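Participant: Give me a model of this one.
(chains A and B)
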Amino acid sequence: MTSPDDSYPRDFESNSAENDFHPTTTHHPSYSNQFAQNTRPLIDSARNGWQSRDTGGFQRGSSSVDDIKSPGWSQMALSVASAPRFRRCVMIYTALFIFVCIGWRMLSSRLQEQNSLLHSLDPTSKTERVGSFGANSLPQFDGLIQVHTLDPDLVPRDLVGVDAGKSSQKRLIIVGDVHGCKEELVQLLEKVSFNQKGGDHLIFVGDLINKGPDSPGVVDLARQLSASSVRGNHEDRILLLRQELAKTKSLVTPDDDEYSRFDPRELGQRALARSLSDEQARWLENCPVILNVGQVPGMGQVVVVHAGLVPGVELEKQDPSSVMTMRTIDLDTHVPSPKKKGMNWAKLFDKHQSKLYSSLETSTEDSHVNTMTVVYGHDAATSLSIRTFTKGLDSGCVKGGKLTALVIENGGKQSIVQVSCRDHLKE
Amino acid sequence: MRSPVTGVLWLYGLLLATTISEVCGDTKPNFMSVRKNVTKEYKSEREIPKEKYFHESDFGHHYDGRYANASLPDTEVISYLSDLIQTYFTTMNAIGGETWIMHGTLLAWWWNQKLFPWDDDLDVQISEPTIHFLAEYYNMTEHHFDLPNVDGGRTYMLEVNPNYIVKSERDTLNKIDARWIDMSSGLFIDITAVRKDEAKRLNGRPEALMCKDKHSYDESDIFPLRDSFFEGVPVKIPYAYTYILEEEYGPRALTRTNFYGYIFNEQTKIWESATRRSKRSL
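Facilitator: Numbers count the residues shown, from 1 in each chain, chains lettered A, B, ... in the order given. Sure thing, here's the model as predicted:
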């Protein structure tokens, strides 16, 4: 066996011969020539600056091992590092290493997430969870409707029944948060060729009003098209504010000191509350917190809410404030929260329904009959978010994103239609 | 059982007929009639008081020692507290004071819109204009109520802490801005005012609100208030009630069904004593 001292220069030699010298250009033939006639004075081989380093390598190659021991190390390292193949290898291996690291981290966090979701939905861990959300006696609020069921005549049907006559084509057009962007809504309705008489029904996921340019106009259009809507957090706030203004008799004219007492956002809300007519306000008040669309063939039960639902809790027992504002959910207790940081409620809900679906798959013909699909808005930060059992449609229209419609046709065929929007918050 | 609405109307009628006229002569200052004088920026007194205004009795934390010498028997406390909160909200509804339930009382409302059987602490909050309104027009007023099942009725007093003009949290001796006191038993409701937090507002939180008990909120967490019922009377509830409770007590407070020896019966929606329950099952 050779000692390291011995082997290195030799390795280096062959290495440099292979890597360094071959790719060099026109001077290469003269080099190999020199290599053969080692006897010539070395000074003759010096041609110009760029060659001097390489020739140095040669000199060492021909001298004794002990001689070059210390300068050889650094030279060698430099040379190896500057070798294109080596550099290529290092780059490839580094990239591979980083890729594997990131991949592993993503995979493990996904696995972890899946595990925590499954644990959270495991009925045996329920006792650990010290009860679950929805055990309380739900408070009643004046002027707030919890659940409303959609007229079954408006719901898309089975494909089998449809073939008989074309006229029975039914579509549900479910539209994300409009926020007073009437122009964009009109464009979207044109794009989906909305036809009320042809069996289309329009549903909004709430937040029709506030922020954008023409809230009363959007309400009027919705009423004119006999649309359905759920109550969003913005409707909720504006309607409560309107009641308060009516009670303090300042619904018609603002108080003298209002401009000094409220910040611009509050002033905007008060102005909007005043700009709504009694009929518009009444129409909005009649929008339930939860709209139960009922059974859609191929989809199961479809429910429209503004923000979200807690999995496993009956519609009548869902906390209305949470239904209008939730973004995340606590995995221990299933208590929802409007906070952005935490587990997305829709992920847990989707997992809950997938588990239910796979447990039913073998037992019934249409396993979708017992599952629930939630169509919601509210979460512009996550934008369009389509899962099997949760459909998030808020794609940030009012801030220059898109306005989204989910179109459900006979047989449960679903498609997404979008139009681009102007940024109304900047204007 | 009488229906809550009739009960409310009955109390309300009594209040109008007997209480206010006694207290204030013929005029009845309503918040709406005087609001032009109270809706303004409120300056804070700079000096921090060195004395505590409201004292607790030495026999019980939730009794006012000026009106009682001993605490009530445990079995009677809840009915006294129920009358206390009903009369308070009836009075405030009548004079137009802006008030809502908070803390443990809000949690009790969340569970079944009734008092917790183990908790003798009642908490309500009022807005900044309302504490000024109460201090100017209703401080030290007595309000008599002819209550069903109470011989001769009871009289309640609204007392405002004169240090309400000190807005600073450093006034740790006077965190409570007012009390609604049952003069027959010494039991009372703690009333704290929620004010604009000028310091935080200057530091980029334009909606910041504060109380002297160091709780802080955003304007949009509390307002606009919601209308609901508690112990059968109409009360106001802060807008984002679930979020407020979760922030203050953690999510488990909204799911745990056993507290302090009581178990929540999910069928009847009543907190039942765990000891009584186990005896029955034996």
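Participant: In the stretch 51-200 of chain B, what residue spans correspond to strands?
Facilitator: B:99-101, B:123-127, B:141-145, B:154-160, B:178-182, B:188-196 (DSSP state E, counting those that start in this stretch).
Participant: Put the alpha carbons of the fifth one into CSV.
Facilitator: Meaning strand B:178-182. Extracted in CSV, the C-alpha atoms of strand B:178-182 (Å, rounded to 0.1, in the frame of the first residue of the first chain):
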residue,chain,number,x,y,z
ALA,B,178,-67.9,52.1,39.3
ARG,B,179,-70.0,49.6,41.2
TRP,B,180,-73.6,48.5,41.1
ILE,B,181,-74.3,47.5,44.7
ASP,B,182,-77.1,45.5,46.2
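Participant: quick one: it to chain centroid distance?
Facilitator: Chain-centre distance of strand B:178-182: 9 Å, with C-alpha atoms, centre = their mean, to the nearest Å.
Participant: Pull the contacting residues for the residue nearest to B:N161 when sequence neighbours are not counted.
Facilitator: Among residues not flanking B:N161 along the chain, B:Y53 sits closest, at 4.5 Å (C-beta to C-beta, 6 or more residues apart in numbering or on different chains). For every residue, glycine as well, the C-beta is placed using N, CA and C. By C-beta atoms under 8 Å, 6 or more residues apart in numbering or on different chains, B:Y53 lies in contact with B:161-163, B:173-174.
Participant: and with 7 Å instead?
Facilitator: By C-beta atoms under 7 Å, 6 or more residues apart in numbering or on different chains, the residues touching B:Y53 are B:161-163, B:174.
Participant: By neighbour count, which of those wins?
Facilitator: In terms of neighbours by other C-beta atoms under 10 Å in any protein chain shown, these top out with B:N161 at 26 neighbours.
Participant: That one reaches B:E51, doesn't it?
Facilitator: No - judged on C-beta atoms under 7 Å, B:N161 makes no contact with B:E51 at a distance of 10.9 Å.
Participant: what about the residue in the stretch 51-200 of chain B positioned nearest to chain A, how many residues close to it?
Facilitator: Residue of the stretch 51-200 of chain B nearest chain A, by C-beta to the nearest C-beta: B:N112 (4.4 Å). When counting by other C-beta under 10 Å, one arrives at 19 neighbours for B:N112.
Participant: can you check A:I416 too?
Facilitator: Residues lying near A:I416 (other C-beta under 10 Å) number 14.
Participant: buried residues in the stretch of helix or strand it belongs to?
Facilitator: Assigned by DSSP states H and E, A:I416 belongs to strand A:414-420. For strand A:414-420, the neighbour count (16 or more other C-beta atoms under 10 Å in any protein chain shown) marks A:414, A:417-419 as buried.
Participant: likewise stretch A:374-381?
Facilitator: For stretch A:374-381, using 16+ other C-beta under 10 Å, the buried residues are A:374-380.
Participant: do stretch A:169-183 as well
Facilitator: Neighbour-count burial for stretch A:169-183, counted by 16+ other C-beta under 10 Å, picks out A:170-183.
Participant: What's the end-to-end length of that stretch?
Facilitator: Start to finish, the residues bounding stretch A:169-183 are 27 Å apart (C-alpha to C-alpha, to the nearest Å).
Participant: Would you state the helices of the stretch 301-427 of chain A in chain order?
Facilitator: Applying DSSP state H, counting those that start in this stretch to the stretch 301-427 of chain A gives helices spanning A:320-325, A:345-360.
Participant: meant to ask about the stretch 51-200 of chain B
Facilitator: Using DSSP H, counting those that start in this stretch, the helices of the stretch 51-200 of chain B run over B:74-95, B:103-112, B:128-137, B:198-202.
Participant: Among those, which comes closest to A:S82?
Facilitator: Proximity to A:S82, assessed across the helices of the stretch 51-200 of chain B by C-beta to C-beta, is greatest for helix B:198-202 (59.6 Å).
Participant: And the average pLDDT for that closest one is what?
Facilitator: Average pLDDT, helix B:198-202: 88.
Participant: what does it contact?
Facilitator: By C-beta under 7 Å, 6+ apart, the residues outside helix B:198-202 that reach it are B:A208.
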